[in-house]
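Trainee: everything below, folded, please.
(2 chains)
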Amino acid sequence: MSAARAARRWYWQRVSAMAMALFVLAHLLVITLAVRGGLSAAEILGRTRGSLAWMAFYGIFVALVAVHAAIGLRNVLDECAPVRKAAGPLGLVAGVLLLALGWRAVAAVTFGS
Amino acid sequence: MRKNDLRARAHASWLAFAVHRISGLLLLAFLPVHFWTLGLALRGEAALDGALRWYEAPVFKFGEWALVLCLAVHLAGGLRLLWIEFAPWRGLRRGWIAAGTAASLAVSLLFVANMLG
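Mentor: Modelled structure (predicted):
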């Protein structure tokens, strides 16, 4: 049973990585262009505010990051004997925290005043 | 540490593993700060601008370059791993390590040039 779960984690780690490769490439392109002439809230919000397309892009990106980082952190902690028992719960907490904070940020740049 | 351990760790593939792990952990540590900053927009444009002005200090500029490099090397390292695991087996693709590192450095330097330019 635990082997099957480990295989599922491996699968989701890879699937999230494959999907995220495209998101990270797009993100690198956007930030490299956006940083020209300095960053300002007006510039960022001008692009994202009220945009359902950017909301979907960043919303999906955050969900993929949360899955990928939760499994990744679990794998790292699992190799560290003193915290091995806590690896699963800590990975889960990290994932939930990233999802909550990330979606809050997406809501902020989409609907913020 | 045994002699064999040292030999294994002098290998480019071990360095690629270490870089992938460290960059991943650094990105994970950065994300809550990133999300918190963007979340300031809930309190209005001025609140977000306040944080962005704060990040104009040189130490944060250096941090931004480091984070872009982390993101780029994690992407390049991840693509190599996916290729090793899913493409027909042809060794550890050590050429990808050099190419990925070079491409990541180039992307991060382009970011810095745009940031400072």
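Trainee: which residue sits closest to residue A:54, ignoring its sequence neighbours?
Mentor: Leaving aside its sequence neighbours, residue A:54 sits nearest to residue A:48 (C-beta to C-beta, 6 or more residues apart in numbering or on different chains; 4.6 Å). Just so you know, the C-beta spots here come from the backbone N, C-alpha and C atoms, and that holds for glycine as well.
Trainee: helices or strands up against the helix ranked longest in chain A?
Mentor: With secondary structure taken from DSSP state H, chain A has its longest helix at helix A:2-34. Contacts defined by 3 or more C-beta pairs under 8 Å, 6 or more residues apart in numbering or on different chains; DSSP states H and E place helix A:2-34 against helix A:41-48, helix A:52-78, helix B:58-86, helix B:94-116.
Trainee: can you pull the buried residues of that helix?
Mentor: With burial defined by 16 or more other C-beta atoms under 10 Å in any protein chain shown, the residues of helix A:2-34 counted as buried are A:9, A:13-14, A:16-17, A:19-20, A:23-24, A:27-28, A:31-32.
Trainee: if you drop the residues flanking it in sequence, what lies closest to whichever residue of chain A sits closest to chain B?
Mentor: Nearest to chain B in chain A, going by C-beta to the nearest C-beta, is residue A:112, at a distance of 3.4 Å. With sequence-adjacent residues excluded and distances taken as C-beta to C-beta, 6+ apart, residue A:112 is closest to residue B:41, at 3.4 Å.
Trainee: residue contacts, whichever residue of chain B sits closest to chain A?
Mentor: As assessed by C-beta to the nearest C-beta, chain A sits closest to residue B:41 within chain B, at 3.4 Å. For residue B:41, the contact set (C-beta atoms under 8 Å, 6 or more residues apart in numbering or on different chains) comprises A:41, A:44-45, A:105, A:108-109, A:112, B:47-48.
Trainee: pick out the residue nearest the middle of chain A.
Mentor: Centroid-nearest residue in chain A: residue A:65, 2.2 Å away (criterion: C-alpha atoms, centre = their mean).
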